[in-house]
Every structure is written in C-alpha cells, then in structure tokens.
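Novice: My questions are about this predicted structure, shown below with the sequence.
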Amino acid sequence: DKADAYAQVRRLLNTHARMLRVRAGQCGVPDAAGCAARLLEEQSDAALGHAFFSADDMEATRGKAERAYANAFFGGNVELARTEAAAGRDGNFTPAPEEVGLGLRLGLGLGLLAWATSECLVDESLPRDIYSEPSFKLLRGLGGILLLMWAWGLSMWVWGRCSIDFTRLLDLPPPEWGRHPSRAVWLEAGNLTVVYLAGFVVFNQALRGAHGLPPSVEVARCVPVLLLGFFAYRLVLPWKRRRRNWAYLARVLLAPAYSVNFRDGYIGDILTSTVRVMTDLVYGLLFSCTVVYGWLTNDMGAMSQHFASSPYYMRGLVPFFIGMPLWLRYVQCVRRTWETGDRWPHMGNALKYASALTVALLGAFRPSLHASPLWLAGSVFATLYQFTWDVTMDWSLLQWSGGAVHMRTRRLLGPQRWYWAVVGANLVLRFMWTLTLLPDSGES
C-alpha cells in the first residue's frame, strides 16, 4: 500500500534525525549532525507530503538519510549505519508486528519453561527418572541447538549496540533496512523453543504417567523423534533463506580446501563448543532409527540402545564427532600459516587445538587413562593453554607492559570489573568444556 510505504519511510527518516541528534550529543559534534538532522526532517515533511512523490524520490531521500548518517559517524560506511539504525539505539522505534509476535513467543516460552522445570524438580517421586531414559539425550542435544540460536541472536544484538560492523567482519549479507539481523534469529528461536518445551512437557508426562493415565515409554519416545524431524525441517526449509548458511558450513567442513577468512574461523570455534551437542544428536539419531523401526514392525522391543555397545559406535562415531571440530580448526590454522607465510600466531593457535585433540582422542579410545595423573596433567595443560590464548590473543584483553599484566585500555562494554568477571567465568567454563570432550559413561 502506497500510504503505508510513505509512512514507513517518514518514520525511518525521522528515526535517522533523532539518532543524529543523540549521537551528536554523545560525540560532541552538534553543528554538523544537527544540520543533517534538520535537513532530514525538512525533506521528510516536504517530500513525503507531496502528492506526486514517486518511488524514485522516496529511494533517493532514503539514500540521502543513509549517507548523511554514515558520513557523520561511520566514515561513510552505509552498511554499518544501516545496522545501527536497525538496532534502534535511541529506543524510539514503533514496535513492528513481528516484535509483538516475538514478545508473545517469549511469554509463552517462559510459561512452558516454568512448567517443564517444575516437572523435573517437583515430580521426582513419580516412577521413572527422565534422565536415565535413552531418548532424553536427543532432547538434550536439541536443547543445545536452541541455546546456540539464542546466543547467536544475543551476540548480534550486542555487536550492533556497540557499533561493531559484524556484517562485514563475518561476510554476512547486508541487513534489511530498519530490521536488525538478530530479530530474524530470535523469531526462529522463539518458534522452536515453544515447540520444544511443549514437547518436553508431553515427553515427561507420558514417561511418568499423569492425569490418571499409566506411564507409556513407547509414547514418550515418539516425542523426541517428532521434535528431531521438526528441527530438521526448519534447518533446511525455506531453502532460499537457509542455503547461504549451509554454504558457510560447507566451507568449514572442507577445510583446508578453501582460503580461511574470519567467518570460517568463527564458525569453526562454534563447532568446537558444540561437541557434546553433536554426540548427543548422533546418539539420538541412531536411537530414533530404532524407534521408527519399532513403529513400522509393530515391535516395541526393537526400541533399544544396543548400538551404544558396538565398537563401530564406541571407537568410531563418538571419537570422530569429538575430534572433528578440533581437527577442522587445526587445519584452518595451518592453512592460514601457508597463506600468510607467518608462523606466529597461527602455529601457536594450531598447537592449542592439537593439544586439546590429543587429550580428547586419548580419553575416547583409552577410557582407562581418565584416572592417570599424566592424562589429567595433559588435560589441565590444554585447558590452561586455551584460557591463556583466549584472554591474551583472541580477545587481547590482558596485555603485558612495564613488567606487569594490565587490562587493555580501550573497552566497549561497561566497567572494568565486568571484564574481570568474564575472565573468571571463562576459566571455569573452559574446564567444563574439557569435560564435554569425554564420552558418557555408557559410551566408554
């Protein structure tokens, strides 16, 4: 509708004007930004109010708004100006229908989360323990995917608030005008979360029995399989929107066949953080095959986890999915050494992943080494190596100068104590991540 389009552009122009004034006060350049803001407001009122204002005029006016804002604060980088505008730093955006929908999803999800939590904590006196149920690993893996999606959306939102041009750093497509990239991620995560938590409640109720009905393991095991199918459907379709993400992943999986950019290394690091999620999903997928086979043959006894004792699983699949992400990052670092001709820091980074890979594979193939002091010392060394690399190289947070360690002076997020809290949390989480490299007791 033409009137709606005009209203949308008017709102965007006025938003740019407000943001110019806000940034002018923050940066101490009121004259130039103030003039640009007045110009945009005049163009918005005069041009959009004209009866014969064409679509070309509308695009030209919007282009002027983008360039004025980009030239004032972002060195002419229009894409970064769009990202900042989409983030709505001045807080005056009119809520879009999809934002209202996201709020409804969050409200429904929080209600289901409270219900699912009460089912886990309050009803422990009921017959079965859900954590010992084999199909629970599939639910755990799917829950890990959801947490990853929410964390990805939160990361993009924080980067946008700090005016970090993450779309260029990660070679992502430019964001749609007036729409922050994190919004689409959160909407999809909200949909999946509601379905997942509803399925979890049904799974728990069926496994333990509720409302006077007897427990039914067969019905309970159907729920994770159906959830897996729904998640797979949403990860692939609509293909036009998902194709780019799968292409990014394929580049990482084919390392070192491709030149490694920042985005490839970032995705590789995400994969190393999802080792437990991947092993849970592999286990759950194999168990789902036995469940489907039981349905098709009407033999509920076929739903078993005997495959977990198979040497192909214990000595093949589990070590492969534990070591593959670390191996991919290792070869990416080696590829960077070859491309740049610089051994440092790429070979130092490769050693970080090689040490973790060695410890992980020894623990997977030789479970008896878990009590060995030598293996434990190697695990501690690999973990501390990764922690040190995080804070000194990847983040450049701690720097050595004047014979002492200092916090970097240029920081974007809050006071210094927040950074020290993140350093401490990273140390704890690094050791917890090392534990995820070990197979479950049933797998080893």
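Specialist: That came in fine, so what should we check first?
Novice: So what's the predicted local confidence for residue 433?
Specialist: Listed pLDDT for residue 433 reads 84.
Novice: let me fix that: residue 88
Specialist: Listed pLDDT for residue 88 reads 48.
Novice: Repeat that for residue 441.
Specialist: 51.
Novice: With residue 438 instead?
Specialist: Residue 438 carries a pLDDT value of 70.
Novice: any idea how far it is from residue 373?
Specialist: Distance, residue 438 to residue 373, by Cβ to Cβ, to the nearest Å: 16 Å. In this view, the C-beta of every residue, glycine as well, is placed from N, C-alpha and C.
Novice: More neighbours: the two, which one.
Specialist: residue 438 (19 against 7; other Cβ atoms under 10 Å).
Novice: show me where pLDDT drops low in the stretch 51-200 of the chain?
Specialist: 51-62, 65-66, 69-70, 72-76, 79-102, 121-129, 175-179 (pLDDT under 70).
Novice: Dihedrals phi and psi, residue 196?
Specialist: phi -60, psi -50 (degrees, to the nearest 10).
Novice: Run through the residues that contact it.
Specialist: 142, 143, 146, 227 (Cβ atoms under 8 Å, 6 or more residues apart in numbering).
Novice: Could you rerun that using 6 Å?
Specialist: Residues counted as contacts of residue 196 (Cβ atoms under 6 Å, 6 or more residues apart in numbering) are residue 146.
Novice: to the chain's geometric centre, what's the distance from the host helix or strand of residue 144?
Specialist: Taking DSSP states H and E as the criterion, residue 144 maps to helix 136-161. Helix 136-161 sits 5 Å away from the centroid of its parent chain (Cα atoms, centre = their mean, to the nearest Å).
Novice: Tell me the buried residues in that helix?
Specialist: Buried residues in helix 136-161, counted by 16 or more other Cβ atoms under 10 Å: 136-146, 149, 152-153, 156-157, 159-160.
Novice: What is that helix packed up against?
Specialist: Judged by 3 or more Cβ pairs under 6 Å, 6 or more residues apart in numbering; DSSP states H and E, helix 136-161 is in contact with helix 78-87, helix 181-208, helix 217-236, helix 275-297.
Novice: angle of that helix against helix 181-208?
Specialist: Taking axes from the mean of the first three to the mean of the last three Cα atoms, to 10 degrees, one finds that helix 136-161 is oriented at 160 degrees with respect to helix 181-208.
Novice: Find the nearest non-adjacent residue to residue 361, please.
Specialist: The spatially closest residue to residue 361, leaving aside those adjacent along the chain, is residue 323, at 5.3 Å (Cβ to Cβ, 6 or more residues apart in numbering).
Novice: Which parts of this structure are strands?
Specialist: All strands of the chain, identified by DSSP state E, fall at 398-401, 404-407.
Novice: Compute the inter-axis angle for the helix holding residue 144 and helix 217-236.
Specialist: Here helix 136-161 runs at 30 degrees with respect to helix 217-236, directions being taken by the same axes, to 10 degrees.
Novice: Of all the strands of the chain, which one is nearest residue 433?
Specialist: strand 398-401 (19.8 Å; Cβ to Cβ).
Novice: got the contact list for the closest one?
Specialist: Outside strand 398-401, the residues within contact range by Cβ under 6 Å, 6+ apart are 391, 392, 405, 406, 408.
Novice: Please apply the same query to stretch 414-424.
Specialist: Outside stretch 414-424, the residues that touch it by Cβ under 6 Å, 6+ apart are 391, 407.
Novice: Report the buried residues of that stretch.
Specialist: Buried residues in stretch 414-424 (16+ other Cβ under 10 Å): 419, 422, 423.
Novice: taking those one by one, which sit in helices?
Specialist: Taking DSSP state H, the ones among the buried residues of stretch 414-424 that sit in helices are 419, 422, 423.
Novice: Name the nearest of these relative to residue 274.
Specialist: Relative to residue 274, the closest of those is residue 422; by Cβ to Cβ it sits at 20.5 Å.
Novice: And the pLDDT at the closest one?
Specialist: Residue 422 is assigned a predicted lDDT (pLDDT) of 91.
Novice: ok, it to residue 398 distance?
Specialist: According to Cβ to Cβ, residue 422 and residue 398 sit 11 Å apart.
Novice: same question, residue 308
Specialist: For residue 308, the distance to residue 398 (Cβ to Cβ) stands at 43 Å.
Novice: now do residue 334
Specialist: Distance from residue 334 to residue 398, by Cβ to Cβ: 27 Å.
Novice: same check, this time on residue 269
Specialist: Distance of residue 269 to residue 398, computed by Cβ to Cβ: 19 Å.
Novice: likewise residue 377?
Specialist: For residue 377, the distance to residue 398 equals 24 Å [Cβ to Cβ].
Novice: which of these two has more neighbours?
Specialist: residue 398 (17 against 11).
Novice: wait, what's in contact with the residue nearest to the spatial centre of the chain?
Specialist: Nearest to the geometric centre of the chain sits residue 152, at 2.9 Å (Cα atoms, centre = their mean). When contacts are counted by Cβ under 6 Å, 6+ apart, residue 152 touches residue 185.
Novice: ditto for residue 353
Specialist: Per Cβ under 6 Å, 6+ apart, neighbours of residue 353: 326, 329, 330.
Novice: Apply 8 Å and report the result again.
Specialist: 272, 326, 327, 329, 330, 333.
Novice: a markdown table for those residues, including neighbour count?
Specialist: Compiled in a markdown table, the contacts of residue 353 are given as follows (neighbours: other Cβ atoms under 10 Å):
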| residue | neighbour count |
| --- | --- |
| 272 | 20 |
| 326 | 23 |
| 327 | 18 |
| 329 | 27 |
| 330 | 22 |
| 333 | 24 |
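Novice: just these now: which is nearest residue 236?
Specialist: If you rank those by distance to residue 236 using Cβ to Cβ, residue 272 comes first, at 23.8 Å.
Novice: What's the local residue count around the nearest residue to the closest one once chain neighbours are set aside?
Specialist: Computed as Cβ to Cβ, 6+ apart, the closest residue to residue 272 that is not its neighbour in sequence is residue 325, at 4.3 Å. The tally of other residues near residue 325 (other Cβ under 10 Å) stands at 25.
Novice: Surely residue 325 and residue 277 touch.
Specialist: No - the criterion here is Cβ atoms under 8 Å, and residue 325 misses it with residue 277 at 10.6 Å.
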